[in-house]
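> Just to be clear, the model below is a prediction. Sequence and coordinates:
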Amino acid sequence: MIFGRGKFAKGKKNYSAFSNYLYVAPALLMVLAFLIAPIIFVLYVSFTDWDLLHPMNFIGIKNYIKIFSDPNLLISIKNTLIWVVFILAIPMVLGLILAVFIKNVWFSDQIKSIFYIPLAMSGAGIGIIWYWIFSRTGFLNSILMFFGAIAAPKSWLLIIPQNTFAMIAAVTWQTTGLNMILFLMGLQNIPIEVLEAAKIDGSNEWHTFTKIILPLLKPITTIVIILNIIGSFKIFDIIWVMTAGGPARSSETLAVSMYKESFSLHRMGYGSSIAVILSLIIFIAGIGYLKIAAREK
Amino acid sequence: MKDKIKININKSILFIIMLLLCLAWLVPVYFLILISFKSSKDYASSAFWAIPKSFQLFNNIKYVFIETKFIKPFLNSLFYAIFGSCISIFFSSLAGFGLTKLKLRGAFFIFIIIWSGMIFPIQIYLIPLYKAYLTLNLYNTKLGMLLIYIAITIPFCVFVFRNYFMSLPDDYIEAAKIDGCTNMQIYFRIILPNSFAPVAILVLFQGSYIWNDLILGMVLSGSNNVRPIMNALSLLNAVYTGKNVPVIMTGNLLSGLPIIIAYLMLQKYFIQGLKIQTAGE
């Protein structure tokens, strides 16, 4: 259940005493002070040239125009789109395939929990493991040299665009299990009779998968696609630990650019406008998610 | 008979593919543990996958905790994760109770305000929080970190409690009211004792969210006495790269351990939390 008004909200007019608002007050005040007020402030700052040291000057929408003409940010936007495409193409599709086929395999519960391991780990921790897998002395170089594929070790995280794909590999390792969980939830809703009827009618596995399972999974697939889009815009920890957006700001995404412009370069006004754009994208995707989720229920 | 053999062959091929994928999935964990066992000389001189020549894990742990002062952020985050999630859960369950059972005017509107804290990316809060923390002398204080961790986890907690309390029948509450119970007594005697499942899910889930946070620590803390663990880990990686890789991996292993242990013990609640967060179920 996503929303739905409480039983008492509708119909009855005998609302309660003011003192009952005290139950809601701590949570509401914390949210207002720490989460709502900042949004209003950041909207204001995004129209200024604030740099922490000097007083803010109102400069209109200059920051927003700059985002779409600043070479660093254009690279960042391009990278963010690459991330979205590959996060949809690799961990999501892999999660779907695993979810569909895992029930036909021996030890499926044990296999599932192996794919769930990364869900208990932090982005920073995962990033560090993969940083060393792709480092000069790391696993990838060792194995490639062992098979004679390369003569000398390479610094994969310093080569464009290989570094972005190295980080996508790390995120694939992190999120495939989560995608699998979501698709398994969708599969639970497919009645077993449908699949058995298909079997009796002589449908082979591939046919069952493409013609019966996939269309029935469409509602959850839409939701998972939106969640993955939102997720790829939010990725920060793994990128920060593995390349910090480098070399020379070449592997930044919007989430990383926002941090860099604000807290490394102290362009608070500009950083705010990037944060606003990023939030707007995620907000729109989030509304889409809610609409679809509400319709499905 | 023929069909059965064919199905078994298919099943075997599928099983082998799955096993290979599982192996690929275990490789990073294997290296995490393997490198933590090595000495820095051993790591530099032998192959990446070589078995450690001597057992150095305890020396590495000692080095990480004492020499690099990793113990401090470790304890800081333990404090943030336990107190942050518990206080947040207490506030949120009170709010959830108020929103569903106390006939508040505008309850749905209040809920939407609180819930809106769930949809925006964390980047939107960073600059205002940084500025406000500098002004209010909360920057680089344990109290400041604890407060933001409480606030950032409240929306999801309220969301979960509201859904859960709406499914609790009102009959008990009506009966308790007739018997003369105050709202406070109803909350402590009826609502809270019946909320084990959501509380367990949220302690685990929000505790690990706080434990795993990197960016709030980067923006709002500046010294080892306040810094949360993931921030310290990322600095450890930056400082010891090229010097002592096993120390980095040991730090990584230690910083992952509390959540992995909790996860192994309570996997059911963990997965439940993920499902609620991602799919709202």
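Received, thanks.
> What are the boundaries of the helices in the stretch 101-250 of chain A?
A:108-116, A:123-133, A:139-146, A:162-188, A:192-200, A:205-207, A:214-216, A:218-234, A:237-242 (DSSP state H, counting those that start in this stretch).
> same check, this time on chain B
B:2-36, B:40-45, B:57-62, B:71-101, B:107-115, B:123-135, B:142-167, B:171-178, B:183-186, B:196-212, B:215-220, B:229-240, B:245-265, B:267-279 (DSSP state H).
> Which among those helices is found nearest to A:S273?
Closest of these to A:S273 is helix B:123-135, at 10.5 Å (criterion: C-beta to C-beta). All C-beta atoms are positioned from the backbone trio N, CA, C, and that covers glycine.
> Return the set of buried residues in the closest one.
Across helix B:123-135, burial judged by 16 or more other C-beta atoms under 10 Å in any protein chain shown covers B:Q123, B:I124, B:Y125, B:L126, B:I127, B:P128, B:L129, B:Y130, B:K131, B:A132, B:Y133.
> low-confidence ranges in the stretch 151-281 of chain B?
Along the stretch 151-281 of chain B, the parts satisfying pLDDT under 70 run over B:279-281.
> run the last query once more with 80
Within the stretch 151-281 of chain B, the stretches with pLDDT under 80 are B:242-243, B:267-268, B:270-281.
> and the helices of the stretch 101-250 of chain A as CSV, adding distance to chain B and mean neighbour count?
Below are those laid out as CSV (distance: least, C-beta to the nearest C-beta, whole Å; neighbours: other C-beta atoms under 10 Å in any protein chain shown):
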stretch, distance to chain B, mean neighbour count
helix A:108-116, 5, 17
helix A:123-133, 4, 26
helix A:139-146, 4, 16
helix A:162-188, 6, 21
helix A:192-200, 11, 11
helix A:205-207, 7, 12
helix A:214-216, 17, 13
helix A:218-234, 5, 19
helix A:237-242, 5, 25
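> Select, out of those, the one closest to B:D171.
For these, proximity to B:D171 was assessed by C-beta to C-beta; helix A:162-188 is nearest, at 31.0 Å.
> In terms of secondary structure, what does that closest one contact?
Contact analysis of helix A:162-188 by 3 or more C-beta pairs under 8 Å, 6 or more residues apart in numbering or on different chains; DSSP states H and E lists helix A:71-87, helix A:93-101, helix A:108-116, helix A:123-133, helix A:218-234, helix A:237-242, helix B:267-279 as its packing neighbours.
> Please tabulate those helices in CSV and include distance to A:S203 as additional columns.
As requested, the helices and strands packed on helix A:162-188 are arranged in CSV below (distance: least, C-beta to C-beta, whole Å):
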stretch, distance to A:S203
helix A:71-87, 32
helix A:93-101, 14
helix A:108-116, 22
helix A:123-133, 40
helix A:218-234, 18
helix A:237-242, 41
helix B:267-279, 29
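> what's the closest of those helices to A:I168?
For the helices and strands packed on helix A:162-188, the distance to A:I168 is smallest for helix A:71-87, at 4.9 Å, taking C-beta to C-beta.
> who are the neighbours in contact with the residue most central in space within chain B?
Chain B has B:S208 as the residue nearest its centroid, 1.3 Å off, counting by C-alpha atoms, centre = their mean. By C-beta atoms under 8 Å, 6 or more residues apart in numbering or on different chains, B:S208 lies in contact with A:A120, B:A81, B:I259, B:A262, B:Y263, B:F270.
> Got phi/psi on A:F58?
Main-chain torsions, A:F58, degrees, to the nearest 10: phi -70, psi 120.
> Run a quick check on B:Y209 versus B:P155, I expect a contact.
No. Judged on C-beta atoms under 8 Å, B:Y209 makes no contact with B:P155 at a distance of 11.8 Å.
> Good, we can wrap up now.
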